[in-house]
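Chemist: Below are the sequence and a predicted model; questions follow.
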Amino acid sequence: MNNPIFFMLSLCQKAGKLLSGEFQCEQAIKTGKAKMIIIAKDASSNTKKLFKDKCKFRNIPLYELGSKEQLGHTIGKDQRASLAVIDENFYRKLKQLLENEEV
């Protein structure tokens, strides 16, 4: 997978600036730590709605990207439906990559 977005997510995970899983991502949104939320395209409609509502309410950018399998694999874990980027610099770079590539 030579996708720069997944590479950047992998770096973000290694740097300890990425949270994954529904509970951790929700906490990051509530505490204001989340700079961006990424949801797998194959996440359940309930999960998508939950994060869309929470992100909209708190004005946090939300992107849909890849599958749960891809997101999990990228960060060296099992399937993940949601990721939260908690670092401003990683957020800026990922935002730039995501907006340049129509996902």
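Modeler: That came through fine. All values reported here derive from a predicted model rather than from experimental measurement.
Chemist: any idea how far residue 28 is from the spatially most central residue of the chain?
Modeler: Central residue of the chain (C-alpha atoms, centre = their mean): residue 38, 2.6 Å from the mean position. Shown here: residue 38 relative to residue 28, a distance of 12 Å by C-beta to C-beta, to the nearest Å. C-beta coordinates here come from the backbone N, C-alpha and C atoms, glycine included.
Chemist: who touches both of these two?
Modeler: With contacts defined as C-beta atoms under 8 Å, 6 or more residues apart in numbering, the residues adjacent to both residue 38 and residue 28 are residue 84.
Chemist: Mind telling me what element residue 42 is part of?
Modeler: Element membership for residue 42, per DSSP states H and E: none, as it lies in no helix or strand.
Chemist: phi, psi of it?
Modeler: For residue 42, the backbone dihedrals are phi -100, psi 20 (criterion: degrees, to the nearest 10).
Chemist: so who does residue 52 touch?
Modeler: Taking C-beta under 8 Å, 6+ apart as the contact definition, residue 52 lies against residue 62.
Chemist: Would you mind giving me the confidence score for it?
Modeler: pLDDT, the model's per-residue confidence, is 97 for residue 52.
Chemist: Give me the buried positions along the helix or strand where it lies.
Modeler: Of the helices and strands defined by DSSP H and E, residue 52 is found in helix 45-58. Residues 47-48, 50-51, 54-55 are the ones in helix 45-58 that count as buried (16 or more other C-beta atoms under 10 Å).
Chemist: List the beta-bridge partners for the residue nearest to the centre of the chain.
Modeler: In this structure, residue 38 bridges to residue 63, residue 83 when assessed by DSSP bridges.
Chemist: That one against residue 70, yeah?
Modeler: No. Applying C-beta atoms under 8 Å as the test, residue 38 and residue 70 come out as separate, 10.7 Å apart.
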